[in-house]
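> Sequence isn't available, so here's the structure alone:
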């Protein structure tokens, strides 16, 4: 008799407690239109747009891998890491300049730019890539890309000058050039390099290079090309 009495007393209390717990939790999950359970938000696996973008930024972009890089594995790795800095900090500027005006980056015994079969080539010496930070190496590559852009502009001007208008005759008044070299004033070379170094400085600042690296280029002598060129190099301009 006592057991039956306890069952009849306790059972209603348990049932009532269950309904109270149910309604409390229900109100937390949907307490008015448009509200969401805080627990669902806390453990959500959704990633914000910024997080996704940052993940992509840290990966090797396909546009970097598509660039021709010739050399040993250490060389390729450091070149790609340097290009990634341009991609991260100056994607629409220096990075696009490299992609458009550098066809190939080669490991070499010199650091320079030249045209090979009408294709712009950048050579980087072992001394340059091994002793330079990724930031500084990136600025040197951008410097060479500037030369590529400059060469392309001169090519367009030359073609426009050589192609005669319809109905007119083209008379070649140029002097014979048996050596195959178009001699220019040395001052022209200094001026071209000065502009290339100015561009290199702007890139160093954009990619957050160290202060002493920026000053190295800023304080160079007018005739000193060593902050970007080394070895037995020549400058195609």
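Happy to help now that I have it. Keep in mind that what you see is a predicted model, and the values were worked out from it rather than measured.
> from here on, contacts and neighbour counts on C-alpha atoms
Noted.
> buried stuff in the strand ranked longest in the chain?
Longest among the strand segments of the chain by residue count, using DSSP state E, is strand 119-125. Neighbour-count burial for strand 119-125, counted by 16 or more other CA atoms under 10 Å, picks out 120-125.
> Which entry within those residues corresponds to the minimum pLDDT?
By pLDDT, residue 120 ranks lowest within the buried residues of strand 119-125, coming in at 91.
> Now that that one has come up, it's in contact with residue 149, right?
No - between residue 120 and residue 149 there is no contact under CA atoms under 8 Å: 9.3 Å.
> what sits in contact with each of these two?
Both residue 120 and residue 149 are in contact with residue 101, where contact means CA atoms under 8 Å, 6 or more residues apart in numbering.
> Strands of this protein, residue ranges please.
Along the chain, the segments classed as strands by DSSP E run 68-70, 104-108, 112-116, 119-125.
> Of all those, which one comes closest to residue 187?
For these, proximity to residue 187 was assessed by CA to CA; strand 112-116 is nearest, at 18.9 Å.
> which helices and strands does the closest one pack with?
Applying 3 or more CA pairs under 8 Å, 6 or more residues apart in numbering; DSSP states H and E, we find strand 112-116 packed against strand 119-125, helix 134-162.
> Tell me which residues are up against the first one.
Residues lying outside strand 119-125 but in contact with it, judged by CA under 8 Å, 6+ apart, are 101-115, 141, 144-145, 148, 230-231.
> need the helix or strand of this structure with the lowest average pLDDT.
helix 38-42 (a mean of 29; mean pLDDT, DSSP states H and E).
> now the strands of the chain in JSON lines, with distance to residue 188?
Formatted as JSON lines, those follow (distance: least, CA to CA, whole Å):
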{"stretch": "strand 68-70", "distance to residue 188": "30"}
{"stretch": "strand 104-108", "distance to residue 188": "26"}
{"stretch": "strand 112-116", "distance to residue 188": "17"}
{"stretch": "strand 119-125", "distance to residue 188": "20"}
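> lowest-confidence stretch among the ones you listed?
strand 112-116 - the lowest mean pLDDT of those, at a mean of 91.
> quick one, it and strand 104-108 angle?
Using axes from the mean of the first three to the mean of the last three CA atoms, to 10 degrees, the direction of strand 112-116 lies 120 degrees away from that of strand 104-108.
> Low-confidence bits of this protein, can you list those?
1-66, 155-184, 233-237 (pLDDT under 70).
> 90 instead, please
The chain contains residues with pLDDT under 90 at 1-67, 116-118, 151-189, 231-237.
> residue ranges for the helices of it, please.
Along the chain, counting by DSSP state H, helices occupy 2-29, 38-42, 49-58, 62-65, 73-89, 96-101, 126-131, 134-162, 186-206, 211-218.
> neighbours around residue 108, how many?
17 (other CA atoms under 10 Å).
> Assess the claim that it and residue 128 are in contact.
No - judged on CA under 8 Å, residue 108 makes no contact with residue 128 at a distance of 9.8 Å.
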